[in-house]
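> Dropping the sequence and predicted coords here.
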Amino acid sequence: MDPHDIIEHRPIEPRSGVRRMEGVPRIEFRSSTFAWLFQSGTGWMILGVALALLAGGIYAGYGWQTGAVLAVVLGAWIGWNAIENRASLFWIDDQRLFMRRGILMRSEEEIELYRIKDVKVEFSIIQQMFDNGTICISSSDSTGRTASAAPHPRTMIEVTNVRDARAIRAELRDRVEAIRQKRGVREFDIG
């Protein structure tokens, strides 16, 4: 486990109906470089190809040269991915979902929880074994990339390789329902 992936580990409370929103702890999450590399199909393919290239280099008599090239190329790629993941942070408080992303050019955005339409988690076969997944958040807010066309545009925010993705989805859903009840917001899709 990569210690940089955990900001503040606060156990997610058990689901038990709608809770009061005051004093609800902030839940923080981000993409995990460790999960991307060792607990996903993409990472396993990268490591498999690297081992195959290294074995071919050793067989051809260029073992240390192949190893050096692989170390530089993979090191740069994995390093860039790690920096991107460290520079991105998502957190949920009692009223909003906050997003901070970017390395050289930073952006900070927020979505009111009552504007979130749907939260789903996608898993590959390998991710299912480790309870990592991609959290997909559909919102009526104008933040993120457009997921559907007019007359009812929605945006989709995706966070890949998130640890405990099911628990985060459940907590986000509970908080969305609680804030909707608190504000008296009802959702209507016309069209």
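Thanks, I have it.
> list the contacts for residue 110?
Residue 110 is in contact with 96-99, 143, counting by CB atoms under 8 Å, 6 or more residues apart in numbering. All C-beta spots, glycine's among them, are computed from the backbone N, C-alpha and C.
> can we see that at 7 Å?
Taking CB atoms under 7 Å, 6 or more residues apart in numbering, we find residue 110 in contact with 96-98.
> Okay, and the beta partners of it?
Residue 110 forms beta bridges with residue 98, as assigned by DSSP bridges.
> Check it and give its pLDDT.
For residue 110, the pLDDT comes out at 90.
> do the same with residue 43
Confidence score, pLDDT, at residue 43: 91.
> swap in residue 27?
89.
> so it makes contact with residue 174?
No. Using CB atoms under 7 Å, residue 27 makes no contact with residue 174, being 10.7 Å away.
> Could you report the separation of residue 26 from residue 104?
To residue 104, residue 26 is 27 Å away according to CB to CB, to the nearest Å.
> For those two, indicate the residue with more neighbours.
residue 26 (12 against 5; other CB atoms under 10 Å).
> Next one: the more buried one from residue 175, what distance?
11 Å.
> hey, what's in contact with both of those two?
Contacts common to residue 26 and residue 175, judged by CB under 7 Å, 6+ apart, are residue 92.
> which ones are touching residue 89?
28, 30, 100.
> So, low pLDDT: which residues of this protein?
Within the chain, the segments meeting pLDDT under 70 span 1-23, 142-154, 187-191.
> can you list the residues that contact the longest helix seen in it?
Counting residues, the longest helix found in the chain (DSSP state H) is helix 63-87. Here helix 63-87 makes contact (CB under 7 Å, 6+ apart) with 4, 30-33, 36-37, 50, 53-54, 57, 101-103.
> for that helix, which positions count as buried?
66, 70, 74, 81-82, 85 (16 or more other CB atoms under 10 Å).
> got those residues as JSON lines, with distance to residue 162 columns?
Shown next, in JSON lines, are these (distance: CB to CB, whole Å):
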{"residue": "66", "distance to residue 162": "34"}
{"residue": "70", "distance to residue 162": "28"}
{"residue": "74", "distance to residue 162": "23"}
{"residue": "81", "distance to residue 162": "14"}
{"residue": "82", "distance to residue 162": "15"}
{"residue": "85", "distance to residue 162": "10"}
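> which among those gets closest to residue 119?
residue 85 (20.6 Å; CB to CB).
> Please, where are all the strands along the protein?
For the chain, applying DSSP state E gives strands covering 27-29, 89-92, 96-101, 107-112, 116-122, 132-139, 145-146, 155-163.
> measure the residue nearest to the spatial centre of the chain to residue 110 for me?
By CA atoms, centre = their mean, the chain has its centre lying nearest to residue 159, at 2.6 Å. Distance, residue 159 to residue 110, by CB to CB: 15 Å.
> With residue 167 instead?
From residue 167 to residue 110 the distance is 22 Å (CB to CB).
> With residue 164 instead?
22 Å.
> thought residue 185 was touching residue 114?
Yes. Under the criterion of CB under 7 Å, residue 185 makes contact with residue 114 at 4.6 Å.
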